[in-house]
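K.L.:
Mind looking at a prediction? Sequence and model below.
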Amino acid sequence: MAEQQKGKRDFQVDQQSGFCKANGIYYSKREPVLLPPPHHPLDVITYIFSLQHNMQQIAFIDGPSGTTLTYSALRLKVRALAAGLHGLGIRKGDVVLVISSNSIALPCIHLAILSIGAILTTANPLSTEREIVTQVKDSKPVIAFTLSHLIHKLRATQIPIILIQGTLESRCVTTLHDLLQSDLKDMPSIDIKQDDTATLLYSSGTTGKSKGVVSTHGNYIATIAGNRVRYETEGCKMYICSMPLFHIYGLRFLVCTLAAGATIVVPPKFDMEEILRSIERYRVTLLPTVPSVLAALAKSTGAQKYDLGSLQQISLGGAPLGKDVTLTFNAKFPRIQIRQGYGLTETTGAIAYTNSDEENRRNGTVGLLSDVVEAKVVDPDSAKPLPPNQRGELWLRGPTVMKGYFGNEHATATTLDSEGWLRTGDLCYFDEEGFLFVVDRLKDLIKYKAYQVAPAELEELLLSHPEISEAAVIPYPDQEAGQIPMAFVARSPSSNLSESDVIKFVAEQVVHYKKIRRVAFTNSIPKNASGKILRKDLIEKNVPTSRL
């Protein structure tokens, strides 16, 4: 990919921004990375372990118990589990569902599924029975891994179950423990190509309801190659997996950090106290999380009781980070570096990131492009490519981009064009130095009279208020203006902040058409697993459909 990109770059490419006037494409300014030839048979698990040199290094630590697993033991467990799955009749191309909270058993399961050419699909253990049944009907898994207390969510299906942990039921064909006793000799060699499907993760994509994103082994290999440098530059690689492993954020973090030879602490769920306790106990150096968690840390007084002296870096994704939150956090934790990134399920994780203090000084940016992708910013109406500092829809192309949406040709055709460009649905721009800025989702823009208002900009401003812990902004129908910005606000403990206080706070800092004109107070703001605000949920529950 690097050589292909360099071949396309000529004297018309601006070396400062990476923008080519001739074709409207933005190219990466990062050092080129080498990818295996795409025709070379290779699966992502073989690729990960081929990068390891110290197999006695600890790969995983169970957060609560301190139980460890070395890279050597991990590899043996993956091979044994793969043999066990093959013995159950699971073959290349079969879909295997996993519904579980985080544990050090989960990476073994994920890696084993991928190593035999089966397709991994995951579900949020907090999803309802109806949501899981809908996904099952779409993805058609042949078997499922889950915990005993989650089995009831599969009762409307006929899927056989492998019990990860808990009490055996009649639906269970075997247990994870028994499969790990399988004879490695029973595992035949399986020919897996880079173009073979690896995962089927569900995403709402750029439009509509949840869809299965078809990602290949080659997609993950390219993601590792394009992101590995972010984790190899650290001296002591003791990381904590605070993100759910059913989500692309957690899964991408898992494969990239394993490829970098890191030690990963795995807590069972995200709990702020447990995360901080683990950072202190295991001397964690890197914490991946989302901006809302960073904002909570910036305003928290409880974090002071933990020794966070080992923590060198916090990497962020999932949503934009406000300037005021950054400044507040830096004042409180001046030694901890913040790194930001941007990616989608459809791009197999991060395609842009900051990788140094200098890069991160540009407030609001999600970083420079990874070398394995190309980008365009296009006018949403004409699709005309736009130069630096002009806002438009971000389009992406490269070896990390998905094959398409599973069984949904229409959604695939409206998201991927004939040249392989992925329409992200995000309103973005590149500055004159090639840094990417994400403004908001195009579909979330509020149309106030003739103006467009980005909810994320107002949410950032609201979070700068010392008495606001969480905030979300949605469009609310208005007969005169069409739509007005409405804010949902979670107040800090003991705050007496009123609606008029919030409206005045914003009005003093924005142009007239961006003013908040309606406020509702709430205990918390709904978010998805990666920390993105679920504005559609707020709209559905609080805005009459007849008025939209």
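P.N.:
All right, it came through fine.
K.L.:
CA atoms for contacts and neighbours, from now on please.
P.N.:
Will do.
K.L.:
can you pull out the strands in the stretch 201-350 of the chain?
P.N.:
Ranges of strands in the stretch 201-350 of the chain, per DSSP state E, counting those that start in this stretch, are 211-216, 238-240, 263-266, 286-289, 313-316, 337-344, 349-353.
K.L.:
Export these to CSV and append columns for mean neighbour count and mean pLDDT.
P.N.:
Putting the strands of the stretch 201-350 of the chain into CSV (neighbours: other C-alpha atoms under 10 Å; pLDDT from 0 to 100) gives the following:
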stretch, mean neighbour count, mean pLDDT
strand 211-216, 25, 95
strand 238-240, 26, 94
strand 263-266, 26, 96
strand 286-289, 22, 92
strand 313-316, 20, 91
strand 337-344, 22, 91
strand 349-353, 26, 91
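K.L.:
Identify whichever of those strands lies nearest to Pro64.
P.N.:
strand 263-266 (8.6 Å; C-alpha to C-alpha).
K.L.:
Kindly provide the distance from Asp440 to Asn363.
P.N.:
16 Å (C-alpha to C-alpha, to the nearest Å).
K.L.:
so where is the stretch 101-250 of the chain shaky, pLDDT-wise?
P.N.:
Counting by pLDDT under 70, the stretch 101-250 of the chain contains low-confidence ranges at 204-209, 232-236.
K.L.:
Please list all residues in contact with the spatially closest residue to Lys193 that is not a sequence neighbour.
P.N.:
Closest residue in space to Lys193, ignoring its immediate chain neighbours: Pro41 at 4.4 Å, by C-alpha to C-alpha, 6 or more residues apart in numbering. Pro41 is in contact with 191-194, counting by C-alpha atoms under 8 Å, 6 or more residues apart in numbering.
K.L.:
I'd like the residues you listed as TSV, with distance to Arg491 and secondary structure appended.
P.N.:
Converted to TSV, those look like this (distance: C-alpha to C-alpha, whole Å; DSSP: H, G, I helix; E, B strand; the rest coil):
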residue	distance to Arg491	secondary structure
Asp191	56	coil
Ile192	52	coil
Lys193	52	coil
Gln194	49	coil
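K.L.:
Closest to Ser28 out of these?
P.N.:
Gln194 (23.4 Å).
K.L.:
Okay, that closest one and Thr400: tell me how far apart.
P.N.:
For Gln194, the distance to Thr400 - C-alpha to C-alpha - is 11 Å.
K.L.:
the more surrounded of these two?
P.N.:
More crowded of Gln194 and Thr400, by other C-alpha atoms under 10 Å: Thr400, with 27 against 21.
K.L.:
pretty sure the more buried one belongs to a strand, no?
P.N.:
No - Thr400: not assigned to a strand; according to DSSP: H, G, I helix; E, B strand; the rest coil it is coil.
K.L.:
quick one, what contacts Ile192?
P.N.:
Taking C-alpha under 8 Å, 6+ apart as the criterion, Ile192 is in contact with 41-43, 116-117.
K.L.:
do the same with Ser500
P.N.:
By C-alpha under 8 Å, 6+ apart, Ser500 has no neighbours at all.
K.L.:
For it, I want the exact helix or strand it lies within.
P.N.:
Using DSSP states H and E, Ser500 sits in helix 499-507.
K.L.:
and the residue nearest to Lys193, that's in a strand?
P.N.:
No - according to three-state DSSP, Pro41 belongs to no strand; its state is coil.
K.L.:
wait, what's in contact with the closest residue to Tyr429 other than its chain neighbours?
P.N.:
Closest residue in space to Tyr429, ignoring its immediate chain neighbours: Arg391 at 4.8 Å, by C-alpha to C-alpha, 6+ apart. By C-alpha under 8 Å, 6+ apart, the contact set of Arg391 is 377-379, 427-429.
K.L.:
Compare these and tell me which is most surrounded.
P.N.:
Sorting the contacts of Arg391 by how many neighbours each has (other C-alpha under 10 Å) puts Val377 first, at 28 neighbours.
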